[in-house]
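Trainee: structural data only, the sequence is not supplied:
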């Protein structure tokens, strides 16, 4: 089954609060390591995950502007905490609170990325879901995906400026 054939089911993929999903990627975002929890929750085998773009688990209801923010942050050698809606191989979904960091070599060059993800509380998701729906609606209003992503990114940064916080600070204070 290819990614384009997978449709969201509306069901949540089982994932316990005491579990951590871990993955590593190369500079292009291709998976170089995935733990057993990632394999089980995503429904992909290790063989199917390794070498694939991390976007293999991207849910279509996830605003692209959050990924822009994530990539801008980690490419600048920063760490980011972000809520992410993922989609398993069978179309089930699972929310994560991800901590994504660059992996640096001895000279301080980025050689890859590392992500630890935990299951967020329902209370926190009740606050983030309406924001993400609004951002996605803004993205979908645009003539094309790139314009939509930039428009929703502006909406997100404007909202955060009004709150006087950076995205990860906002996420951690929900």
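Mentor: Arrived safely, thanks for sending. Every value quoted in this text rests on a predicted model; they were computed, and no experiment measured them.
Trainee: what about the biggest strand by length in the chain, distance to the chain center?
Mentor: Longest strand in the chain, counting residues (DSSP state E): strand 93-104. Chain-centre distance of strand 93-104: 6 Å, with CA atoms, centre = their mean, to the nearest Å.
Trainee: can you point out the buried residues in it?
Mentor: 93-103 (16 or more other CB atoms under 10 Å). In this view, the C-beta of every residue, glycine as well, is placed from N, C-alpha and C.
Trainee: stretch 21-39: end-to-end distance?
Mentor: Terminal residues of stretch 21-39 are spaced 9 Å apart (CA to CA, to the nearest Å).
Trainee: and for stretch 43-62?
Mentor: Note: stretch 43-62 ends 19 Å apart using CA to CA.
Trainee: distance between it and the chain's centre?
Mentor: Centre to centre, stretch against its chain (CA atoms, centre = their mean), the figure for stretch 43-62 is 11 Å.
Trainee: other residues contacting stretch 158-165?
Mentor: Residues outside stretch 158-165 that contact it (CB atoms under 8 Å, 6 or more residues apart in numbering): 131, 166-167, 170, 173.
Trainee: any idea whether the spatially closest residue to residue 57 that is not a sequence neighbour is helix, strand or coil?
Mentor: Leaving aside its sequence neighbours, residue 57 sits nearest to residue 86 (CB to CB, 6 or more residues apart in numbering; 4.3 Å). Secondary structure state of residue 86, per DSSP: H, G, I helix; E, B strand; the rest coil, is strand.
Trainee: tell me the contacts of residue 86?
Mentor: 42, 57-59, 62, 93-96.
Trainee: by contact count, what packs against the longest strand of the chain?
Mentor: For strand 93-104, the packing partners by 3 or more CB pairs under 8 Å, 6 or more residues apart in numbering; DSSP states H and E come out as helix 64-75, strand 80-87, strand 110-118.
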